[in-house]
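Colleague: how would this look folded up:
(chains A and B)
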Amino acid sequence: DSGVTQTPKHLITATGQRVTLRCSPRSGDLSVYWYQQSLDQGLQFLIHYYNGEERAKGNILERFSAQQFPDLHSELNLSSLELGDSALYFCASSPQRSLYGYTFGSGTRLTVV
Amino acid sequence: GENVEQHPSTLSVQEGDSAVIKCTYSDSASNYFPWYKQELGKRPQLIIDIRSNVGEKKDQRIAVTLNKTAKHFSLHITETQPEDSAVYFCAANTNAGKSTFGDGTTLTVKP
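Modeller: Numbering: from 1, shown residues only, chains lettered A, B, ... in the order given. Sure, this is the predicted structure:
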């Protein structure tokens, strides 16, 4: 157990639907990062939150949004889902804004049918 | 934005041999370079990292070197073992809080 909790572990939904992925960072970590990993692909950076505020954005689609709450957990919202959104979504946390390695959660596998 | 190139994309070595994976980055503001190992079906795990004020760091069989002038950094694994087989990712981080990953190297260690 890495200390970063992601729920749900698996999610199957239909095209056009909306889902919410949840992440609880490791105790004491203030930064939360979201990554998308498609089959046999690398890790695509989506977004970074630090202590409740958005810090950096990657190639995140407009259909996707995220937030970090006062208790530091984060949610990634994916809407108008398409088949191509099927992927493994990882959340990671770190103690500070930068210059620290990440601790990854086990991921949420999203399948859009 | 930052671009991180990682080579090779696949690497096969005999058990006991060394393996080297290389990355180059484009953003001169990058100052922290972690390496992650991802076993099949599992989460990436940090295995070693290096900061820009250090040229080399070693931890048992793994080492990382950094050449800031050339914007290169490399992962070296010595005396490879079958359990080293995994996908390895390099990354480059900036103070702005953005981390860019390389595309990964699939390492296979043959017994």
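Colleague: who are the contact partners of B:Ile77?
Modeller: Listed by CB atoms under 8 Å, 6 or more residues apart in numbering or on different chains, the contact set of B:Ile77 reads B:Ser18, B:Ala19, B:Val20, B:Arg61, B:Ile62, B:Asp84, B:Leu107. The way it works is simple: take the backbone N, C-alpha and C, and place the C-beta from them, glycine included.
Colleague: ok, now how distant is it from B:Val4?
Modeller: 19 Å (CB to CB, to the nearest Å).
Colleague: give me the low-pLDDT residue ranges for chain B?
Modeller: Low-confidence segments of chain B (pLDDT under 70): B:1.
Colleague: which residues of it lie near chain A?
Modeller: Applying CB under 8 Å from any CB of the partner chain, one finds that chain B approaches chain A through B:31-32, B:34, B:36, B:42-46, B:49, B:51, B:89, B:93-104.
Colleague: quick one: the strands in chain A?
Modeller: A:5-7, A:10-13, A:19-24, A:31-37, A:44-50, A:53-57, A:64-68, A:74-78, A:87-94, A:103-104, A:108-112 (DSSP state E).
Colleague: now render these as JSON lines, adding mean pLDDT and mean neighbour count.
Modeller: Putting those into JSON lines (pLDDT from 0 to 100; neighbours: other CB atoms under 10 Å in any protein chain shown) gives the following:
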{"stretch": "strand A:5-7", "mean pLDDT": "97", "mean neighbour count": "17"}
{"stretch": "strand A:10-13", "mean pLDDT": "97", "mean neighbour count": "14"}
{"stretch": "strand A:19-24", "mean pLDDT": "98", "mean neighbour count": "19"}
{"stretch": "strand A:31-37", "mean pLDDT": "94", "mean neighbour count": "25"}
{"stretch": "strand A:44-50", "mean pLDDT": "92", "mean neighbour count": "22"}
{"stretch": "strand A:53-57", "mean pLDDT": "90", "mean neighbour count": "14"}
{"stretch": "strand A:64-68", "mean pLDDT": "97", "mean neighbour count": "19"}
{"stretch": "strand A:74-78", "mean pLDDT": "98", "mean neighbour count": "20"}
{"stretch": "strand A:87-94", "mean pLDDT": "96", "mean neighbour count": "25"}
{"stretch": "strand A:103-104", "mean pLDDT": "94", "mean neighbour count": "22"}
{"stretch": "strand A:108-112", "mean pLDDT": "97", "mean neighbour count": "18"}
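Colleague: would TSV of those with distance to chain B be doable?
Modeller: Formatted as TSV, the strands of chain A follow (distance: least, CB to the nearest CB, whole Å):
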stretch	distance to chain B
strand A:5-7	9
strand A:10-13	12
strand A:19-24	12
strand A:31-37	7
strand A:44-50	5
strand A:53-57	4
strand A:64-68	13
strand A:74-78	14
strand A:87-94	7
strand A:103-104	4
strand A:108-112	10
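Colleague: how near is the residue nearest the centre of chain A to B:Phe73?
Modeller: Closest to where the C-alpha atoms of chain A average out (CA atoms, centre = their mean) is A:Trp34, at 3.3 Å. Taking CB to CB as the criterion, A:Trp34 is separated from B:Phe73 by 25 Å.
Colleague: hang on, the residue nearest to the centre of chain A packs against A:Phe90?
Modeller: Yes - here A:Trp34 reaches A:Phe90: they are 7.3 Å apart, a contact under CB atoms under 8 Å.
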